[in-house]
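Student: only geometry, no sequence info:
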């Protein structure tokens, strides 16, 4: 088996990780991808404990290795990264593995006011991994941290809504407004938040709502592009980059799978990745 020709696995609790897959496609256009949304158990960050998230992460990793023979895994979920990636690294030492963390370090570099907002799920923002990340940046900036209960779930549920739906009337817009207003003033004046870190992959899909709420001068930072670059570096180091013509020889370079309902994944694939419904399928992972 030519390992370099095998697909890269990408895993999230739901459709949010499609934002990371989009960045991976742009950075690695010659690669094949298998994306798995554990939507039957989504979202992890609002209501699931660490033990549950670890068990699901292990089960999905085994499935992707055994059934799809992935050559690397991107854990495109901040909650799963915080709760389980250290265990997956221990149990799968031969598998190149890339995880996510809220992009606080880039935010420190970019912020001019030194006041940075961070939004994410409660599980991510209360994790020991995030606490250590915050502590490592002590004194470099002031961080305003806001858990966004229910926002990832609302984004997940909004996927199948018609594109013409007025975003100001949706639950996601109302939740974005509630949480950004609780954080304090946004802007570029002293004491204002001039940089907002999106600490959940789902939030990329409501950037228009967030932009309207915080203003055009505030930087919105997500993790897709840095994760894609890190994935490329890791594959290059291990000699696992696909040859330049690999995808051209394959009929279906991207496969999207879900443990939940198929229609929302198909709608998200069409809306955000311009992929046809037959790229998507369902799977049961006990």
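Tutor: Received it, and whenever you're ready, just let me know what you need. Quick caveat, the model's predicted, so the values are computed rather than measured.

Student: same for the one helix or strand residue 132 maps to, what does it pack against?
Tutor: Using DSSP states H and E, residue 132 falls within helix 128-136. Judged by 3 or more CB pairs under 8 Å, 6 or more residues apart in numbering; DSSP states H and E, the packing partners of helix 128-136 are helix 78-91. All C-beta spots, glycine's among them, are computed from the backbone N, C-alpha and C.

Student: for the helix it packs on, buried residues please.
Tutor: 78-85, 88 (16 or more other CB atoms under 10 Å).

Student: OK, contacts around the most centrally placed residue in the chain?
Tutor: Against the mean C-alpha coordinate of the chain, by CA atoms, centre = their mean, the closest residue is residue 201 at 3.1 Å. Counting by CB atoms under 8 Å, 6 or more residues apart in numbering, residue 201 makes contact with 12, 16-20, 76-78, 100, 222-224.

Student: now do 7 Å
Tutor: Neighbouring residues of residue 201 by CB atoms under 7 Å, 6 or more residues apart in numbering: 12, 16-17, 19-20, 76-78.

Student: what do you get for residue 119?
Tutor: Residue 119 touches 146, 148, 179, 196, 198-199, 203, counting by CB under 7 Å, 6+ apart.

Student: can you report phi and psi for it?
Tutor: phi -120, psi 140 (degrees, to the nearest 10).

Student: quick one on the thing from earlier: show the buried residues in the contacts of residue 201.
Tutor: Buried among those by 16+ other CB under 10 Å: 12, 16-17, 19-20, 76-78.

Student: please flag which of those residues sit within strands.
Tutor: residue 12 (DSSP state E).

Student: now the buried ones among the contacts of residue 201 as CSV including pLDDT and distance to residue 59?
Tutor: CSV is the format used below for these (pLDDT from 0 to 100; distance: CB to CB, whole Å):
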residue, pLDDT, distance to residue 59
12, 94, 14
16, 88, 19
17, 92, 17
19, 91, 23
20, 95, 20
76, 95, 16
77, 91, 14
78, 86, 19
